[in-house]
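[1] got a predicted model here, sequence first, then my questions.
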Amino acid sequence: MKHCSKSLASLVSLFNLRTDSNPIVTSIETDSRNVIPGSLFICVRGYTVDGHRYAREAERNGAVAILAEEALSDVTIPVILIENTKAAAGKVADFFYDHPSQKMRVYGVTGTNGKTTTTKLAYDLFRATGIKAGMISTVGARIDEELIETPNTTPEAIILHRLLYEMVEKGVTDCIIEVSSHALAEGRVEGVSFHSAAFTNLTHDHLDYHHSMEDYAKTKALLFQQVAASNGRTIVLNREDGWSRVMREAAPLQPVIWYTTQPHRTSQIAVEWLTDTVNVRIDETTTRVPTALLGEFNAANLAAAMGLLQAGDANLYALIRHIPELELPKGRLERLDWAPCEIYIDYAHTPDGLEKCLQALTFSGESLSVVLSAAGERDRTKRAEMGRIASKYCEHIIATVHDARTEDPDRIIEELIVDIPREHLVGCHTSRHEALVQAAHLAHEGKRIVIVGKGHDEVERIGTKTIPFNEKHILLAELERLSEGESVIKKNRPFR
């Protein structure tokens, strides 16, 4: 990768500031542990960590200057004070990496559910049509074939611009970015020039953070404001979701590509799910093609992805033949590879996401059992609703937790099961591992099982620690023991 460097004076001039010292900056960092000689260290205040506390460590590691929001008396290198370092990081990174998002087409995908799937489907379709594409999402970043792990749905601004720079260097022409509401609120996509953006839907989630659905929608709409500010090409909106109006108002001058799952509604793109096929309508032409995608909600995700390709001038009629090749991302209605058991793993962690997942798996009328969970220190108002939804679709429910953090697991479970009829509730486990073991036993007995909450995620956040936790490995190990007659299940904790 080509080496980047800028003078400190050129970087601070972005904010109409001057500096008496003008060292050459060879990297920019917000984590003092990653600082190397020549770095500019940007002090960012996070949820639990304040970067200002690590300024001395950054200096010891070789930082040549610091951007901060407050005076720092314990460092000898230049400190440049600005009002908001979090917002500034994206602007600095964009300039430092020579405006990478302006050298390719960048597409954003936002919404409550379907972001990851839409992002991956668009990426796969771009590549299938011969375009060198990149992707940045919950399940990692891809630079064409190469997979790069990322810590958040949308990485912090410096990492994001660095990835975009690497993509430009490797010849990527089109990149799709999954953009969360937290990323928009915290300025993680600051400085990115968006060619187009798609909206999937808005449903109950993150109200502990946004406080109301209106505030949540306005935060999502920041992406479309950014498309407008970038003089972007197009916005792609869901005809079935009323919150699309808010996204439209944020970019009133950009052309709209509307999509739908209802074939008779006015839209440029319609994808109607018919179990193992989809009807794809582009303008007035409809084509039926096979698909491995489950559920009407994935038909909507496919339609949104097609809208992004249309925004990128792809020939939609030519890409229809690639639809049968498409697969869902890891942890999205992913079937465990253990015949004859039928076990699915899905990321569903919102009421709407859970209902759509369960609808897809009960479409044929077969009974279903679920490992249901909620996360600690997250929106508590959705827990009881998720329990009610699980009761509506599932014969058996095993209640547990995921990522309890410092919250009492018993309280999480009690709030989750408050409205679940006791005849549906076959297990309550504060240990997710024990819940998975019970699920393996039910599957071994012939029950269809879906495990929701974590999907692709391979860690558990317990207390203040993050520990490895691979659900597939746990399930497969227990199924192996069952096949050999060695497993003994622990007793469930009693209900209160």
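    Received, thanks.
[2] in stretch 160-174, which residues are buried?
    Counting neighbours by 16 or more other CB atoms under 10 Å, one finds that the buried residues in stretch 160-174 are 160-168, 172, 174. All C-beta spots, glycine's among them, are computed from the backbone N, C-alpha and C.
[3] for residue 26, give its distance to residue 164.
    Taking CB to CB, to the nearest Å as the criterion, residue 26 is separated from residue 164 by 19 Å.
[4] quick check: next helix or strand after the strand or helix carrying residue 168?
    With elements delineated by DSSP states H and E, residue 168 resides in helix 157-169, which encompasses its position. On the C-terminal side of helix 157-169, the closest following helix or strand by DSSP H and E is strand 174-178.
[5] which SSE is immediately downstream of that following strand?
    The element immediately downstream of strand 174-178 (helix or strand, assigned by DSSP H and E) is helix 181-185.
[6] which neighbouring elements make contact with the helix holding residue 168?
    Under the contact criterion of 3 or more CB pairs under 8 Å, 6 or more residues apart in numbering; DSSP states H and E, the helices and strands touching helix 157-169 comprise helix 85-96, strand 133-137, strand 140-143, strand 174-178.
[7] dump these to TSV, plus distance to residue 461.
    As requested, those are arranged in TSV below (distance: least, CB to CB, whole Å):
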stretch	distance to residue 461
helix 85-96	23
strand 133-137	20
strand 140-143	18
strand 174-178	20
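[8] mean pLDDT lowest for which of those?
    Across these, the stretch with the lowest average pLDDT is strand 140-143; it has a mean of 90.
[9] residues in contact with it?
    Contacting residues not belonging to strand 140-143 are listed as 123, 134-135, 147-150, 155, 163, 166-167, 170, 172 [CB atoms under 8 Å, 6 or more residues apart in numbering].
[10] which one of these is nearest residue 178?
    Compare each of the contacts of strand 140-143 with residue 178 using CB to CB and the shortest gap goes to residue 135, at 8.2 Å.
[11] mind checking how far that closest one is from residue 306?
    With the distance defined as CB to CB, residue 135 ends up 16 Å from residue 306.
[12] residue 120 too?
    Residue 120 sits 13 Å away from residue 306 when distances are taken as CB to CB.
[13] same deal with residue 356?
    Distance of residue 356 to residue 306, computed by CB to CB: 19 Å.
[14] those two - which one has more neighbours?
    Applying other CB atoms under 10 Å to residue 356 and residue 306 shows that residue 306 carries more neighbours, namely 29 against 25.
[15] where does the more buried one sit: helix, strand or coil?
    helix (DSSP: H, G, I helix; E, B strand; the rest coil).
[16] tell me the contacts of residue 54?
    32, 43.
[17] surely it is in a helix?
    Yes - with the criterion set as three-state DSSP, the secondary structure at residue 54 is a helix.
[18] now the helices: where do they sit in the stretch 251-400 of the chain?
    Secondary structure of the stretch 251-400 of the chain, counting by DSSP state H, counting those that start in this stretch: helices at 296-311, 316-319, 351-361, 383-393.
[19] just so I know, which of those helices lies nearest residue 448?
    helix 351-361 (7.2 Å).
[20] count the residues that sit near the residue nearest to residue 274 when sequence neighbours are not counted.
    Once its chain neighbours are removed from consideration, residue 274 has its nearest residue in residue 288; the separation is 7.6 Å (CB to CB, 6 or more residues apart in numbering). Other residues near residue 288 number 12, with proximity taken as other CB under 10 Å.
[21] could you report the pLDDT at residue 288?
    pLDDT, the model's per-residue confidence, is 97 for residue 288.
[22] hang on, isn't it packed against residue 277?
    Yes - Residue 288 is in contact with residue 277 according to CB atoms under 8 Å; the separation is 5.4 Å.
[23] how about the strands in the stretch 151-300 of the chain?
    174-178, 196-199, 234-238, 256-260, 269-274, 277-282, 285-290 (DSSP state E, counting those that start in this stretch).
[24] pLDDT on the third one, on average?
    Looking at strand 234-238 alone, the average pLDDT works out to 98.
[25] just checking, what packs against that strand?
    Here strand 234-238 is seen to pack against strand 196-199, helix 244-250, strand 256-260, helix 296-311 when contacts are counted using 3+ CB pairs under 8 Å, 6+ apart.
[26] and what about residue 477, helix, strand or coil?
    With three-state DSSP as the basis, residue 477 sits in helix.
[27] ok, now how distant is it from residue 344?
    From residue 477 over to residue 344 (counting by CB to CB), the distance is 18 Å.
[28] neighbour count winner among those two?
    The residue with more neighbours, out of residue 477 and residue 344, is residue 344; 21 against 15, by other CB under 10 Å.
[29] quick one, what contacts the more buried one?
    Going by CB under 8 Å, 6+ apart, residue 344 touches 333-336, 361, 449-451.
[30] if we go to 10 Å?
    Contact analysis of residue 344 by CB atoms under 10 Å, 6 or more residues apart in numbering lists 294, 331-336, 357, 360-361, 368, 370, 448-452.
[31] what of residue 55?
    Residue 55 makes contact with 32, 41, 43, 63, 66, 68, 70, 72-75, 77, 79 under the criterion CB under 10 Å, 6+ apart.
[32] the bottom helix or strand of this structure by mean pLDDT?
    helix 207-210 (a mean of 61; mean pLDDT, DSSP states H and E).
[33] what's the first-to-last distance across stretch 78-85?
    When the termini of stretch 78-85 are compared using CA to CA, to the nearest Å, they are 15 Å apart.
[34] list the buried residues of it.
    For stretch 78-85, burial by neighbour count (16+ other CB under 10 Å) applies to 78-80, 82, 85.
[35] from these, which land in strands?
    Restricting the buried residues of stretch 78-85 to those inside strands, with DSSP state E as the criterion, leaves 79-80.
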